[in-house]
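Participant: Sharing a model prediction with you, sequence too.
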Amino acid sequence: MKTVKVGMADLNIAESPDKIRTVGLGSCVGVVLYDRVSKIGGMAHVMLPFSSMSKGELNTAKYADTAIPKLVHDMQKAGANPRRLVAKLAGGAQMFSFSSTSDIMRIGPRNVEACKEALAKAGICVKAEDTGGNWGRTIEMDCITGTLQIRAVNHGIKEI
């Protein structure tokens with residue numbers, strides 16, 4: 001058994017009995033997809049909501065609207081069935097408080113909304129989430145069970 005690491009603005013897949021993990025989710029959203037039959041899991045560390053925000057060369061893993069379709073594609077190539085995929089989300093925190101109520105500064109909540117939109121467009125149900133707040137998270141999914149473990153400083157460990 002090994003642990004597949006997913007960096008910031010990155011995505012990857014793992015198969016049972018492996019685990020898949022990302023650290024440092026603040027306003028970023030960890031999108032985890034799982035097929036319980038093939039026991040294939042995927043994870044994207046989404047930094048921003050829309051690829052239209054890209055300047056220069058496009059990193060598909062960085063944006064909700066491009067990372068989720070790419071993750072579904074990669075999982076399907078590995079043997080997962082897109083119709084069986086379920087999603088879990090973590091992160092999307094509002095890490096800093098601003099006196100302005102500008103939507104631009106609501107990066108975490110906007111990331112969560114964009115991820116949910118992309119998942120709905122792909123026909124994938126969000127089974128569970130641990131989003132919002134003002135704290136960072138580290139997440140790890142077990143591809144044997146599909147359980148997502150969320151660790152947060154001063155908030156303990158939670159499983160969804």
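Facilitator: That came through, no problem. Residues are numbered from 1 along each chain as shown.

Participant: hey, what's the residue minimising distance to the centre of the chain bridged with?
Facilitator: In the chain, the residue lying closest to the centroid (Cα atoms, centre = their mean) is Val31, at 1.6 Å. On the basis of DSSP bridges, Val31 is bridged to Ala44, Leu89.

Participant: Surely it is in contact with Pro69?
Facilitator: No - look at Val31 against Pro69 with Cβ atoms under 8 Å: they stay out of range, at 11.4 Å. For the C-beta atoms, the positions are set from N, CA and C on the backbone; glycine is no exception.

Participant: so who does the residue nearest to the centre of the chain touch?
Facilitator: Residues in contact with Val31, defined by Cβ atoms under 8 Å, 6 or more residues apart in numbering, are 43-44, 46, 64, 67-68, 71, 87, 89, 115, 119.

Participant: again, 10 Å this time
Facilitator: Neighbouring residues of Val31 by Cβ atoms under 10 Å, 6 or more residues apart in numbering: 11, 22, 42-46, 64, 67-68, 71, 87-91, 111-112, 115-116, 118-119, 124, 126, 129.

Participant: Could you do Ala152 as well?
Facilitator: Shown in contact with Ala152 (Cβ under 10 Å, 6+ apart): 25, 90-91, 93, 130, 133, 135-139, 158.

Participant: let's see it at 8 Å
Facilitator: 135-138, 158.

Participant: ok, now Ser16?
Facilitator: Applying Cβ under 8 Å, 6+ apart to Ser16 gives the contacts 39-40, 143-144.

Participant: I'd like those residues written out as JSON lines, with pLDDT added.
Facilitator: As requested, the contacts of Ser16 are exported to JSON lines (pLDDT from 0 to 100):
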{"residue": "Lys39", "pLDDT": "98"}
{"residue": "Ile40", "pLDDT": "98"}
{"residue": "Cys143", "pLDDT": "98"}
{"residue": "Ile144", "pLDDT": "97"}
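
Participant: Is it possible to mark the buried ones in these?
Facilitator: Neighbour counting over the contacts of Ser16 (16 or more other Cβ atoms under 10 Å) leaves 39-40, 143 as the buried ones.

Participant: quick one: which of the residues you listed is nearest Arg83?
Facilitator: Ile40 (13.4 Å; Cβ to Cβ).

Participant: From Asp10, how far out is that closest one?
Facilitator: 18 Å (Cβ to Cβ, to the nearest Å).
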